[in-house]
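J.: Here is a sequence with its predicted model. Questions after.
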Number of protein chains: 2
Amino acid sequence: MNSQTLLDCHARIKPYIHNTPVLSSRLINKAVGAEVFFKCENFQRAGAYKMRGATNAILRLTDEERGKGVVTHSSGNFAQALSLAAQSLGITAHIVMPTSAPEVKKVGVREYGGKIYECEPTLAARQAMADQIAQETGATFLHPSNQLEVILGQGTAAMELLEEHPDLNAIFCPVGGGGLIAGSALAAHYFGTDCKVYGGEPFEADDAYRSLQSGIIESNETTNTIADGLRTTLGDQNFPIIKEYVTEIIRVTEDEIIAAMRMVWERMKIIIEPSSAVTFAALLRERRQFRGLKVGTIISGGNVDLGNLPF
Amino acid sequence: MNSQTLLDCHARIKPYIHNTPVLSSRLINKAVGAEVFFKCENFQRAGAYKMRGATNAILRLTDEERGKGVVTHSSGNFAQALSLAAQSLGITAHIVMPTSAPEVKKVGVREYGGKIYECEPTLAARQAMADQIAQETGATFLHPSNQLEVILGQGTAAMELLEEHPDLNAIFCPVGGGGLIAGSALAAHYFGTDCKVYGGEPFEADDAYRSLQSGIIESNETTNTIADGLRTTLGDQNFPIIKEYVTEIIRVTEDEIIAAMRMVWERMKIIIEPSSAVTFAALLRERRQFRGLKVGTIISGGNVDLGNLPF
């Protein structure tokens, strides 16, 4: 692993993804007291950064493997991304989704041609059903966050952000399964100039915060958070990277998440999902630490169920 | 009036406005059956295209006039725009707003340093109070839509759109007071290549549609539309331009407005206000006419009261 590994990954997926815009707002900068650059992966194909990792993982399969399709389990964004990436490359995507997944995400998977299999909303049930499908169809299992090719793909968002703003002092990422923050941490390490990486996590699903404290992968007993993309836990592939390269994980309350989401919707006129708002909420909470600095934040996605908003 | 008039106007206001991005979406193109280009004035300063006309009108005042400030009445977006434009140029803005204006727009005016005067939500009450303030303070009255310098300023959004996409077959604009569509029609006339201009208007406030039928400026008996920016009527400065250069005004139902707004929020991840959705709703309604063509649409603004959404 070196900077070339990420450069190769970026070159590989480039034809299939958008280089999403980086937006900023004077009012937001004033509220934070820093220069904030939003990398808008809500404008990514399929509405989230997950398209990057999904595309890279599929492109690394052999022709024979591609012929048998891919299978994953996901609460939503990776499901849509893998469906669209598979459709673009003419292969079959089997998608295991928890019954609790937002309707808008199921609709997206169907539109992108993914085959949905519903299961109970537990990690064990999701994994068991995915394993069964892999066995029956010969499809390759792709994990949404705990697989090196996926992690590298997700890291390309931070790479593009650093291409545009090479002098960022910090990059904020949401922490769910750990793929995005691990990839971003690698990108900041290889392409930043002393650019620190911070995670944002709900108090209600603070497994990554506790994992960094204890040194082993912790799980959540409950996950009563509006940030539905961040209810998952870290994995053995991304945790070592996070331990080595992430400076701190900042936890936020549900009220802080909703207020941050509302501020971005109102001020920037862009739709970001609660999991993305966690990142901006973390920056707002700890803004004294970042006064006068240049801070990037990965807006991970914009797939929101408009029939079920918190305001 | 010739193309140079608009070029001069654009050069004058350029330092004070954003050249807003033009976005498109494969899914939207598929739904419409045309190539659709959204000129995103929801990302304009103060959240709407009105910043353009307000800035141009202020920059055309003498130093003595600027010293006495400006006054206007507006249901919202022009109020915010004039406040911000005045603040940028260090002059006072007196803003008459109907009591029915969305709270988020009043907050915006206050943040941009405008002085708010509330009045009954009728055109007569608004005009009377604005006249009184002009008399007492010596401030210059600037009309949100019925004044040539404002109309020219609003036309610069369509100019920029045509700079990026010179071969558009049509441009869609919302029709409220008539300033935006009149300015856009001038821009299409001088800078387009046989580019037709269409208006979108709610059935519930279809004064412009009826005005074009009868040949005289008609008013609305009621304006029960969610598109709060489109409840006003045309004026003697913009109506002659609209009569000469606008091809057709397409009316849409309230349900069509809400569905179009939801489609843009969900697919494009951008916040557009109901008045902007009217334009896209009109294009969707008449999409058979535009199959295979290149169509621009002015997303006029993104100032929405999130506490009062239609879905």
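T.: Arrived safely, thanks for sending.
J.: Quickly find the element holding whichever residue of the stretch 101-250 of chain A sits closest to chain B.
T.: Nearest residue of the stretch 101-250 of chain A to chain B, counting by C-beta to the nearest C-beta: residue A:104, 6.8 Å away. To be clear about C-beta, it is placed using only N, CA and C from the backbone, and glycine gets the same treatment. Of the helices and strands defined by DSSP states H and E, residue A:104 is found in helix A:103-111.
J.: which ones are touching residue A:65?
T.: Counting by C-beta atoms under 8 Å, 6 or more residues apart in numbering or on different chains, residue A:65 touches residue A:140.
J.: Go through the strand or helix carrying it and flag the buried ones.
T.: In this structure, residue A:65 sits in helix A:63-68 according to DSSP H and E. With burial defined by 16 or more other C-beta atoms under 10 Å in any protein chain shown, the residues of helix A:63-68 counted as buried are residue A:66.
J.: In the sheet, which strands lie alongside the helix or strand that comes right after it, parallel or antiparallel?
T.: Downstream of helix A:63-68, the next assigned helix or strand under DSSP H and E is strand A:70-73. Applying DSSP bridges to the sheet, strand A:70-73 is found paired with strand A:93-98 (parallel), strand A:140-141 (parallel).
J.: For strand A:70-73, give me every contacting residue.
T.: Residues lying outside strand A:70-73 but in contact with it, judged by C-beta under 8 Å, 6+ apart, are A:57-58, A:61, A:78-79, A:82, A:86, A:91-98, A:119, A:126-127, A:129-130, A:133-134, A:137, A:139-144.
J.: Now a ChimeraX select for only the buried ones of those residues.
T.: With 16+ other C-beta under 10 Å as the criterion, this ChimeraX line picks the buried residues out of the contacts of strand A:70-73:
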select /A:57,58,61,78,79,82,86,91,92,93,94,95,96,97,98,119,126,129,130,133,134,139,140,141,142,143,144
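J.: Which of the contacts of strand A:70-73 fall in strands?
T.: A:93-98, A:119, A:140-141 (DSSP state E).
J.: okay, among those, which ones form the most distant pair?
T.: Comparing every pair within those by C-beta to C-beta identifies A:98 and A:140 as the most remote, at 21.3 Å.
J.: elements contacting the helix or strand bottoming out on mean pLDDT in chain A?
T.: Of all the helices and strands that make up chain A, the one with the lowest confidence by mean pLDDT, DSSP states H and E is helix A:103-111; it has a mean of 86. In terms of contacts (3 or more C-beta pairs under 8 Å, 6 or more residues apart in numbering or on different chains; DSSP states H and E), helix A:103-111 is packed against helix A:77-88, strand A:93-98, strand A:115-119.
J.: The same query, at a cut-off of 6 Å, please.
T.: When contacts are defined as 3 or more C-beta pairs under 6 Å, 6 or more residues apart in numbering or on different chains; DSSP states H and E, helix A:103-111 sits against helix A:77-88.
J.: related to what we said a few turns ago, just how off-centre is the helix holding residue A:65 within its chain?
T.: 26 Å (C-alpha atoms, centre = their mean, to the nearest Å).
J.: which residue packs closest to residue A:163, ignoring adjacent ones?
T.: Ranked by C-beta to C-beta, 6 or more residues apart in numbering or on different chains and with sequence neighbours excluded, the top spatial neighbour of residue A:163 is residue A:191, at 7.6 Å.
J.: Residue A:201 touches residue A:208, doesn't it?
T.: Yes. In this structure, residue A:201 is within contact of residue A:208 by C-beta atoms under 6 Å, at 5.4 Å.
J.: Can you pick out the residue with more neighbours from those two?
T.: For residue A:201 versus residue A:208, neighbours defined as other C-beta atoms under 10 Å in any protein chain shown are more numerous around residue A:208 (30 against 26).
J.: Surely the more buried one touches residue A:175?
T.: Yes. Shown here, residue A:208 and residue A:175 form a contact pair, counting by C-beta under 6 Å, at 4.4 Å.
J.: so where do the helices sit in chain A?
T.: Defined through DSSP state H, the helices belonging to chain A, from first to last, are A:3-13, A:26-32, A:50-59, A:63-68, A:77-88, A:103-111, A:123-137, A:148-164, A:179-191, A:207-214, A:239-245, A:254-268, A:274-285.
J.: Contacts for the longest one next, please.
T.: Around helix A:148-164, the neighbours that count as contacts under C-beta atoms under 6 Å, 6 or more residues apart in numbering or on different chains are A:6, A:9-10, A:19, A:22, A:39, A:41, A:49, A:52-53, A:56-57, A:60, A:171, A:179-180, A:182-184, A:186-187, A:191-192, A:237-238, A:296, A:298.
J.: near chain B, which residues of the stretch 151-300 of chain A show up?
T.: Taking C-beta under 6 Å from any C-beta of the partner chain as the test, the list of the stretch 151-300 of chain A residues beside chain B reads A:265, A:269-271.
J.: before we move on, the earlier item: common neighbours of residue A:208 and residue A:175, please.
T.: Contact with both residue A:208 and residue A:175 is made by residues residue A:201, according to C-beta under 6 Å, 6+ apart.
J.: tally of neighbours for the residue nearest to residue A:254 when sequence neighbours are not counted?
T.: Taking C-beta to C-beta, 6+ apart as the measure, residue A:254 lies nearest to residue A:226, with 5.9 Å between them; neighbours along the chain are not counted. Residue A:226 sits with 19 neighbouring residues when counted by other C-beta under 10 Å.
J.: quick one on the thing from earlier: just put the helices of chain A in a markdown table and tack on distance to residue B:260.
T.: Output for the helices of chain A, formatted as a markdown table (distance: least, C-beta to C-beta, whole Å):
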| stretch | distance to residue B:260 |
| --- | --- |
| helix A:3-13 | 33 |
| helix A:26-32 | 27 |
| helix A:50-59 | 26 |
| helix A:63-68 | 39 |
| helix A:77-88 | 23 |
| helix A:103-111 | 17 |
| helix A:123-137 | 36 |
| helix A:148-164 | 30 |
| helix A:179-191 | 32 |
| helix A:207-214 | 40 |
| helix A:239-245 | 42 |
| helix A:254-268 | 18 |
| helix A:274-285 | 25 |
